[in-house]
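Undergrad: Sequence and predicted structure, then a few things I'm wondering about:
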Amino acid sequence: MLKKGLLCALALLSVGILFGQHRLVYQSYVKGVEHQDTTLVQLLEHNGQLKISSLGNEVRNPIPGYAESLTYVDYRLDSVFSLLQYPDGRYYSAYALSDNDVVFTEEGEEKVLGYPCKKYKTSINSNTIEVWMTEKPGFDATPMPQLGPLRGMMVRCMRNGNYVTDLRSLKKDRSLRELIPSDRGERKTSRELSQLRKDKLVMRIPVFIDEQIHFADYDPYQGEIPFDTTLHFSHGTVIVKRIQLPQLPEHYQLFAEIHQRSNGDAYDRTASVFVIPTEKAKSFRDGLQQGVEALPVFEAKDGQQYQGIKAENDYLPPVELVRFFTSFGAGHFNDKVQIEGLTWTDENYYKQEISELRDRLRGDVLIGAFIGNYDRGGHKLSLDLVAYPDDYEWEEAPCRQRSLPLFNTCNVMEMSGQNYGRLFATDSLEVSFDLPEGATHVRLRYLSTGHGGWGGGDEFNPKENVLYIDGVKRFTYTPWRCDCATFRDQNPVSGNFWNGVSSSDYSRSGWCPGTATNPVYVDLGDLKPGRHTLRIAIPQGADEGGSFSHWMVSGVLLYEEQ
């Protein structure tokens, strides 16, 4: 009798070890694809608790803001804990496993990977989810607690019939003890925790914070430009700041994020955010500090002089990051006009990817912003550079992407006498450049908008831009936006006509009031190393009385070094 009792006790002990301490590995893959990277997830199971973490993706040199992400499940307490572990602390959220509103239907029984399973099926966000659960091992375990409290151990999950998560291995592990830490850090809601994780990973660099760009009296700053100080030039319509930017790995995506609102100016104005190259003997900084006379001059066939608009042996023009156009008075004039069915936006928001210009956004950088206006109140502008990682590893590698600014007729020193781009009426814009040995993925980043704000002006008439390389026509493009009426709620003091159309509704040559202009990209991958000439021709319209048309075009050659 004693021997039988001892055997029973030993059996129960072995069951406790067998069914209370386990290490499981799940593998996710695309069905039918032979060569692919797979995702591995590890589950540790101990007496009704789970610890879920990724496996095989250890981060050796993490990027700033990286956190170890862990999920815990306590079946005894009907709880799921999501935890972020940072070097300086922990944050977590919690919810009840049974609160999940996913509804499964039971589809019968099948044998999967050697286990007798019950099959369940549901639909989440138009995705068909099938799950196979087994009760044979005697404990509950799933790498996907978000699917709810299905009982048993998950053997397989399949999404839309092709993305599969399979149980890869199941082993005993007698070393496991209580898995869920008693100190889980600061509690957040699930939404707050998700946002916290994103915010810490994103690198946000404020450049300008609610800076006024207006027409006023400023003495140009002379001498070496200091770091982290906003300076006004060209009667206050240009602001510049010198900043030190980190050298980010190439897997980061870079964006310019702009907030702008009227501070008294009612009109749609040309605006530009740009970088001033300083690697040549002369730079656009000379024009800002000394006047437009300090810039290299191109004299066109019309006899007019155009200052600092194209690359020379000792000069590079400004590199446009974003060209945008203010709306008719958003912010300052919102209470002046009321139209049934419209609520005016408080500010204009522009966000554009600028990853291809990353070599201009590292180290010692001069960044400027321009809004052409003659108003004492002008505009308020904020600019952030925002970097989003595409990998958790910080890769110390040289930047292979290169940019060579070729031309820019956007006259950001308009209020100091820099000429409008009127040359296309009688001339074309021609610039020469050298393509280095080993350059690959060569292309031109091209921005073009037409101006001349009357019925016959180029603002309201489509005009074909033609680009020639070494005398051969390579690209034709007609800048045109026909969706300007979409942005009516950003233009409170736009003119309203008798027929119900607003002046901000009119289609325009590559721009709308309250929007940014997208660059186009010209593939030049077949160019050989050496000297080349690029020429741009536009059939600019004739002057009419005191009105004239002009074109703002800017181009940057992009390539990669081997």
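TA: Yes, it's here.

Undergrad: So for stretch 396-409, first residue to last residue, what's the gap.
TA: Using Cα to Cα, to the nearest Å, one end of stretch 396-409 lies 37 Å from the other.

Undergrad: What are the boundaries of the helices in the stretch 201-350 of the chain?
TA: With DSSP state H, counting those that start in this stretch applied, the stretch 201-350 of the chain shows helices at 284-290, listed in chain order.

Undergrad: now the strands: where do they sit in it?
TA: Taking DSSP state E, counting those that start in this stretch as the test, the strands found in the stretch 201-350 of the chain are 203-213, 231-233, 238-245, 253-262, 270-275, 297-299, 305-307, 319-325, 348-353.

Undergrad: before we move on, what about the stretch 351-500 of the chain?
TA: 363-371, 379-388, 401-408, 429-435, 440-451, 465-469, 472-477.

Undergrad: Which strand residues bridge the most centrally placed residue in the chain?
TA: What sits nearest the mean C-alpha location of the chain, by Cα atoms, centre = their mean, is Phe255, with 4.5 Å. Beta-bridge pairing of Phe255 under DSSP bridges involves Glu353, Val386.

Undergrad: do the same with Leu557
TA: On the basis of DSSP bridges, Leu557 is bridged to Leu404, Leu444.

Undergrad: residue contacts, it?
TA: Residues in contact with Leu557 (Cβ atoms under 8 Å, 6 or more residues apart in numbering) are 403-406, 433, 435, 442-445, 524. In short, each C-beta sits where N, CA and C put it, glycine included.

Undergrad: Which residues lie in contact with the closest residue to Met133 other than its chain neighbours in this structure?
TA: Leaving aside its sequence neighbours, Met133 sits nearest to Gly152 (Cβ to Cβ, 6 or more residues apart in numbering; 4.0 Å). Gly152 sits next to 118, 133-135, 140 when contact means Cβ under 8 Å, 6+ apart.

Undergrad: same thing but 6 Å
TA: For Gly152, the contact set (Cβ atoms under 6 Å, 6 or more residues apart in numbering) comprises 133-135.

Undergrad: and what of Gln260?
TA: Counted by Cβ under 6 Å, 6+ apart, Gln260 has contacts 348, 379, 381.

Undergrad: Report how many residues lie close to the second one.
TA: The number of residues packed near His379 is 26, by other Cβ atoms under 10 Å.

Undergrad: Pairing partners for the closest residue to Tyr349 other than its chain neighbours in the sheet, please.
TA: Computed as Cβ to Cβ, 6+ apart, the closest residue to Tyr349 that is not its neighbour in sequence is His259, at 5.9 Å. With DSSP bridges applied, the residues forming beta bridges to His259 are Tyr349, Ser382.

Undergrad: give the contact list for Gly457.
TA: By Cβ under 6 Å, 6+ apart, Gly457 lies in contact with Ser549.

Undergrad: On the pLDDT front, check it for me.
TA: As predicted, Gly457 sits at a pLDDT of 97.

Undergrad: repeat for the one 10 residues further on
TA: Reported pLDDT at Leu467 in the predicted model: 98.

Undergrad: Run through the bridge partners of it.
TA: Phe475, Ile536.

Undergrad: wait, doesn't it sit right on Phe475?
TA: Yes - between Leu467 and Phe475 there is a contact under Cβ atoms under 6 Å: 4.3 Å.

Undergrad: Have a look at these two and say which one is more surrounded.
TA: Per other Cβ under 10 Å, whichever of Leu467 and Phe475 has more neighbours is Leu467, with 22 against 17.
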